[in-house]
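> Got a predicted structure here, sequence first:
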Amino acid sequence: MTLRSRLRLRAVAAALLTSVALQAGAARIAEQTFDDRLRLDGTELVLNGVGVRAVAWLQGYAAGLYLAEKAASAPQAIALRGPKRLQMKMLLEVPPKEFVKAIHKGMVRNHTPAEHAALADRIAQFDRNVEAIGTVRKGDVVNLDFVPGRGLVMSLNGQERGQAIPGDDLYAGMLRIFIGDDPVDKRLKDGLLGRLPPE
């Protein structure tokens, strides 16, 4: 084998390894790709898992949960300190009224009346943030972030929208909608907790 042939083989091998590394560095579900790592508030977060919110054949969004370290259970994920991100990649159009309705339903299902009452004013602020955004469309990316010192920060397509809403308890409540004892979608919960393999 000539030197030129060996160099070509090495170049091909390097390209293949790079391709594999790139594929290994992301998770894919419902034709949506989620990076395996990101930075939030100066902290590197890892992708804990991905899933899809679906009703029968209709898929609403693909979601990824990012934490400071991997968590296999909801209590562990909720208790972890530091920044967190729930990222939703919309698969269909959702008006603000439907978004708010889903959040309220999830909050009621995963909290006692007293717990819900303690969060009521801040949930109302979240409603106002959602209503100010308006309809989210297919292809939009919605991030629900927990930023220490600020609280729940919502962004649409990379741009922060509305007021930050303080309180670890509020963000914990939001996470319970997706991974709590009575989640919005049990298969989505399993995906976000890393119990289901991505596509």
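Ah, there it is.

> where exactly do the strands run in the chain?
Counting by DSSP state E, the chain has strands at residues 26-29, 32-35, 37-40, 43-55, 58-67, 84-90, 141-147, 151-156, 159-165.

> Arrange those strands in a markdown table, one row each, with distance to I133 and mean neighbour count as further columns.
Any C-beta I mention is one placed from the backbone N, CA and C, and that applies to glycine too. Listed next are the strands of the chain as a markdown table, based on distance: least, C-beta to C-beta, whole Å; neighbours: other C-beta atoms under 10 Å:
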| stretch | distance to I133 | mean neighbour count |
| --- | --- | --- |
| strand 26-29 | 24 | 18 |
| strand 32-35 | 20 | 18 |
| strand 37-40 | 20 | 14 |
| strand 43-55 | 18 | 20 |
| strand 58-67 | 15 | 22 |
| strand 84-90 | 12 | 22 |
| strand 141-147 | 8 | 20 |
| strand 151-156 | 6 | 20 |
| strand 159-165 | 5 | 16 |
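
> closest to I103 out of those?
strand 141-147 (9.8 Å; C-beta to C-beta).

> Just checking: what are the partner strands of that closest one?
Paired neighbours of strand 141-147 in the sheet (DSSP bridges): strand 84-90 (antiparallel), strand 151-156 (antiparallel).

> before we move on, the earlier item: now the strands of the chain as CSV including mean pLDDT?
What follows is the strands of the chain, written out as CSV (pLDDT from 0 to 100):
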stretch, mean pLDDT
strand 26-29, 91
strand 32-35, 97
strand 37-40, 97
strand 43-55, 95
strand 58-67, 95
strand 84-90, 98
strand 141-147, 98
strand 151-156, 97
strand 159-165, 96
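
> thinking again about what came up before, as TSV, the strands paired with strand 141-147 with distance to P96 would be great.
As requested, the strands paired with strand 141-147 are exported to TSV (distance: least, C-beta to C-beta, whole Å):
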stretch	distance to P96
strand 84-90	13
strand 151-156	12
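
> how about JSON lines for the strands of the chain, with distance to A118 added?
Shown next, in JSON lines, are the strands of the chain (distance: least, C-beta to C-beta, whole Å):
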{"stretch": "strand 26-29", "distance to A118": "34"}
{"stretch": "strand 32-35", "distance to A118": "32"}
{"stretch": "strand 37-40", "distance to A118": "26"}
{"stretch": "strand 43-55", "distance to A118": "27"}
{"stretch": "strand 58-67", "distance to A118": "24"}
{"stretch": "strand 84-90", "distance to A118": "20"}
{"stretch": "strand 141-147", "distance to A118": "18"}
{"stretch": "strand 151-156", "distance to A118": "14"}
{"stretch": "strand 159-165", "distance to A118": "13"}
